[in-house]
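S.K.: just a sequence and a predicted model for now, questions to come.
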Amino acid sequence: MSFDCLNIDSIIGFDWDNGNILKNEIKHGLKWQIIEEVFFNDPLILLEDTLHSSNEECRCAALGFTNEKRLISVIFTKRSHKIRVISARPMSQKERSFYENFTKI
């Protein structure tokens, strides 16, 4: 079964657990509320991570920015119409360059 994780129109919320909420805050200083902001700000670039996707679960990357204009990369999947964040961190230089070039079009 394959999911279209690039289509987030049907999303009704986020799926967090204690492990992934704290992991991103401890490792990268990103609280879950800040990570969620990325999905509500335009432009948002969604890319399928085919290298790490499987038939049961697709993985995607979201490149976007927070309300305070911090550029963030979020790896996520969809479960039952919810976004489940796998990891989030500041964009790498390569991601930042791609995002800035793509959003100028």
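M.R.: Happy to help now that I have it.
S.K.: where does the chain have its least confident helix or strand?
M.R.: helix 18-28 (a mean of 88; mean pLDDT, DSSP states H and E).
S.K.: helix or strand next in line after that one, which one?
M.R.: helix 32-37 (DSSP states H and E).
S.K.: and the contacts of that following helix?
M.R.: Here helix 32-37 makes contact (C-beta atoms under 8 Å, 6 or more residues apart in numbering) with 14, 16, 21, 24, 25, 66, 67, 70, 72, 74, 85, 88. C-beta: built from backbone N, CA, C; applies to glycine.
S.K.: from the chain's centroid, how far away is that helix?
M.R.: Once both centres are worked out by C-alpha atoms, centre = their mean, to the nearest Å, helix 32-37 turns out to sit 10 Å from its chain's centre.
S.K.: sorry, back to before: run the chain-centre distance for the least confident helix or strand of the chain.
M.R.: With C-alpha atoms, centre = their mean, you get 14 Å for helix 18-28.
S.K.: what is that helix packed up against?
M.R.: When contacts are defined as 3 or more C-beta pairs under 8 Å, 6 or more residues apart in numbering; DSSP states H and E, helix 18-28 packs onto helix 32-37, strand 82-90.
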